[in-house]
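[1] No letters, just coordinates:
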């Protein structure tokens, strides 16, 4: 290590890493590849969100298993984030309620309420 005016310096020989992916590698998720994209209808999204809230509420009121509560809240957070973006952040309150032991609070139809807020904006 040679000494220069500001302190020590270190030089390494050039390093070449092997390619991580093959040349024909394509990412298929979430865009579905290079094919034509179809827009999802608003009715289908609404039906899916309401159905998710109904199943979530039934599970919140009938099943008291920690694993089920964790799966419901994490799944709901992912759905809220993917569907609403930053507007889905209030869904985190369900996760907090579940962590604090108030699982019955998660029966509130949060995704449907977020859908109404989105429609009114």
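    Yep, that arrived. Fair warning: this is a prediction, and the values are worked out from it, not measured in the lab.

[2] Every contact and neighbour count from this point should use C-alpha atoms.
    Will do.

[3] can you tell me the helix or strand for the residue nearest the centre of the chain?
    Of all residues in the chain, the one closest to the mean position by Cα atoms, centre = their mean is residue 78, 3.1 Å from it. Residue 78 belongs to helix 66-84 when assigned by DSSP states H and E.

[4] elements contacting the next helix or strand after that helix?
    Per DSSP H and E, the first helix or strand lying C-terminal to helix 66-84 is helix 92-99. Packing partners of helix 92-99 (3 or more Cα pairs under 8 Å, 6 or more residues apart in numbering; DSSP states H and E): helix 66-84.

[5] So which bits of the helix it packs on are buried?
    Residues 69, 72-74, 76-77, 79-81, 83 are the ones in helix 66-84 that count as buried (16 or more other Cα atoms under 10 Å).

[6] Taking their axis directions, that helix and helix 92-99 sit at what angle?
    Counting by axes from the mean of the first three to the mean of the last three Cα atoms, to 10 degrees, helix 66-84 points 180 degrees away from the direction of helix 92-99.

[7] Against which helices or strands is helix 66-84 packed?
    Packed against helix 66-84, as judged by 3+ Cα pairs under 8 Å, 6+ apart, are the following elements: helix 42-62, helix 92-99, helix 110-120.

[8] Do me a favour and average the pLDDT over it.
    Averaged across helix 66-84, the pLDDT comes to 89.

[9] ok, and what's touching it?
    Identification of contacts with helix 66-84 by Cα atoms under 8 Å, 6 or more residues apart in numbering yields 56, 59-60, 87-89, 91-92, 94-95, 98, 103, 106, 111, 114, 118.
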